[in-house]
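S.K.: Dropping the sequence and predicted coords here.
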Amino acid sequence: AQRVTQPEKLLSVFKGAPVELKCNYSYSGSPELFWYVQYSRQRLQLLLRHISRESIKGFTADLNKGETSFHLKKPFAQEEDSAMYYCALSKMGRRALTFGSGTRLQVQP
Amino acid sequence: EAGVAQSPRYKIIEKRQSVAFWCNPISGHATLYWYQQILGQGPKLLIQFQNNGVVDDSQLPKDRFSAERLKGVDSTLKIQPAKLEDSAVYLCASSQLRQGVFYGYTFGSGTRLTVV
């Protein structure tokens, strides 16, 4: 069975500092990886997906199949980045997601 | 486009009572999901519908949980009887393919259930 691990429950950084939210997964096949974000009092929403290879709000994530990781990075954190971030995996061609337990990012002024 | 609608937003019940949640997905989204999110954890899939058929209900506790999606649009999730450990946020989501590509879900705002 697939599993997603986010080792940090809380990550606190200062504005302008680099951010890396860690995500490791276990799955024997070819996964699709996603990052979802939940801002305060808002719905869970898609931030980015590995297939798109895009940068959203300055965030990027690279799938490393050798290390089975999909870490989320941003070079300069902003206060508005403060939120709960979830890494998620789905089997290629399927839609059901397996989520990690989430990391709360706090960006201090 | 209108989002995924869920009701009620909050519900408090006593253990052994029954409760039902309602979800209206985005128009045209064929796939609908119910997730359970316990405090401090990530969402966990309970059931996935494709139109009005069940695709995956392997993690649904079928002795007490049931779900239906009549006519392939709205869906209801029911718990009967509720246990204390069912206290959680119940999230509904829907998705579609665009030109054969899956772009992820649109989530509803969730129903927060407290069982006392």
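M.R.: Cool, the structure landed.

S.K.: Near chain A, which residues of chain B? Just list them.
M.R.: Neighbours of chain A within chain B, by Cβ under 8 Å from any Cβ of the partner chain: B:3, B:31, B:33, B:40-45, B:48, B:55-56, B:91, B:95, B:102-110. From N, CA and C alone the C-beta is placed, and that goes for glycine too.

S.K.: Share the number of residues neighbouring the closest residue to B:Tyr35 other than its chain neighbours, please.
M.R.: Leaving aside its chain neighbours, B:Tyr35 sits nearest to B:Pro43 (3.8 Å; criterion: Cβ to Cβ, 6 or more residues apart in numbering or on different chains). By the criterion of other Cβ atoms under 10 Å in any protein chain shown, B:Pro43 has 27 neighbours.

S.K.: again, but for the one 10 residues further on
M.R.: Around B:Gly53 sit 9 other residues, with neighbours defined as other Cβ under 10 Å.

S.K.: residues contacting the residue of chain A found nearest chain B?
M.R.: For chain A and chain B, the shortest gap (Cβ to the nearest Cβ) falls at A:Phe99, measuring 3.2 Å. Taking Cβ atoms under 8 Å, 6 or more residues apart in numbering or on different chains as the contact definition, A:Phe99 lies against A:4, A:36, A:86-88, B:42-44.

S.K.: The residue nearest to B:Tyr35 contacts B:Gln36, doesn't it?
M.R.: Yes - B:Pro43 is within contact range of B:Gln36, at 7.0 Å (criterion: Cβ atoms under 8 Å).

S.K.: hey, what's in contact with both of the two?
M.R.: Residues touching both B:Pro43 and B:Gln36 by Cβ under 8 Å, 6+ apart: B:Leu91.

S.K.: center of chain B - which residue?
M.R.: Residue closest to the mean C-alpha point of chain B, counted by Cα atoms, centre = their mean, is B:Trp34 at 2.6 Å.

S.K.: right, and the helix or strand after the helix or strand hosting it?
M.R.: Following DSSP states H and E, one finds B:Trp34 within strand B:31-37. Moving toward the C-terminus from strand B:31-37, the next helix or strand (DSSP H and E) is strand B:44-50.

S.K.: Just the residues contacting the next helix or strand after that following strand, thanks.
M.R.: With elements assigned by DSSP H and E, the helix or strand that comes after strand B:44-50 is strand B:53-56. By Cβ under 8 Å, 6+ apart, the residues outside strand B:53-56 that reach it are A:95-96, B:31, B:45, B:47-49.

S.K.: could you point out which element follows strand B:53-56?
M.R.: Next along the chain after strand B:53-56, taking DSSP H and E as the criterion, comes strand B:65-68.

S.K.: Could you check that next one and say which residues are buried?
M.R.: B:65-67 (16 or more other Cβ atoms under 10 Å in any protein chain shown).

S.K.: that older thread, test of understanding: give the bridge partners of the residue nearest to the centre of chain B.
M.R.: B:Ile47, B:Cys92 (DSSP bridges).
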